[in-house]
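Student: Let's see this in three dimensions:
(one chain, ligands or ions: 1)
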Amino acid sequence: MNKEKTVSGSPYVLPALPYKENALGATIPATTIAFHYGKHHQGYVDNLNKLVAGTELAGMSLEQIITQTAGKADKAAIFNNAAQIWNHNFYWQSMRPEGGGEPPASLLRMIESSFGSLDACKKELANAATTQFGSGWAWLVVDGNKLSVVKTANADLPLTKGLKPLLTIDVWEHAYYLEFQNRRADYVNAVLESLINWNFAAENLGAPHHAASTQDMHR
Ligand code: MN
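Tutor: Residues are numbered from 1 along each chain as shown. Model prediction:
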């Protein structure tokens, strides 16, 4: 065993889901989790381990790999797989059984001062998620002293823009196609109404840096 931070370097591992595979109900049933988590997320982990084996990147955390390879055409495959591991680690935690409802008070205050109301915030998230053309992600982020909603394409993430993410919704077709086919908006609205994990967003709001939440999943 290495003395320090073995969880950060390769081989990277697929973190355990924070709930049972059938815990998210009809919106994201076990059939979708089996492919999305068991095949896609696992695939990014396997790919990254192959891509960095024997290179100087092998000892780095996911965040370090992401920031060092972002925007470099010759490192695109490494960036894409590392970022997709990070994004999915964050996505699974962005939902919980019996989610939705009201955010904790501190987060709700920031949502209201940034968007006007919780409903307006959810509308912006839904709009970003449904208007992202092709594959990508919708995010609630800290942007300076307020919150905002951003969308990213493919594997890209707020980390490369210096923004701190609070939660995300995966809008790649593999996230919803088995249940919803072309009806992305129905998937997004169901996530926002019954699965979104405001407690996770509130924890990230109070966390000293954006990496804390994904490191938890490596334990
Ligand atoms: Mn996905």
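
Student: Could you pull up the residues touching the closest residue in space to residue 133 that isn't next to it in sequence?
Tutor: Counting by Cβ to Cβ, 6 or more residues apart in numbering, residue 133 lies nearest to residue 153, which is 7.9 Å off, once chain neighbours are set aside. Every residue, glycine included, has its C-beta placed from N, CA and C. Residues near residue 153 by Cβ atoms under 8 Å, 6 or more residues apart in numbering: 132-136.

Student: Now for these, which sits with the most neighbours around it?
Tutor: residue 136 (21 neighbours; other Cβ atoms under 10 Å).

Student: what's the neighbour count on residue 80?
Tutor: Neighbourhood size, residue 80 [other Cβ under 10 Å]: 19.

Student: correction: residue 95
Tutor: Applying other Cβ under 10 Å, we find 24 residues neighbouring residue 95.

Student: Do I have it right that it meets residue 199?
Tutor: No. Judged on Cβ atoms under 8 Å, residue 95 makes no contact with residue 199 at a distance of 11.0 Å.

Student: which of the residues in the one helix or strand residue 138 maps to are buried?
Tutor: Assigned by DSSP states H and E, residue 138 belongs to strand 136-143. Using 16 or more other Cβ atoms under 10 Å as the test for burial, strand 136-143 gives 136-143.

Student: still on that earlier bit, between all of the contacts of residue 153, which two are separated the most?
Tutor: Within the contacts of residue 153, 133 and 135 form the most distant pair, 9.0 Å apart (Cβ to Cβ).
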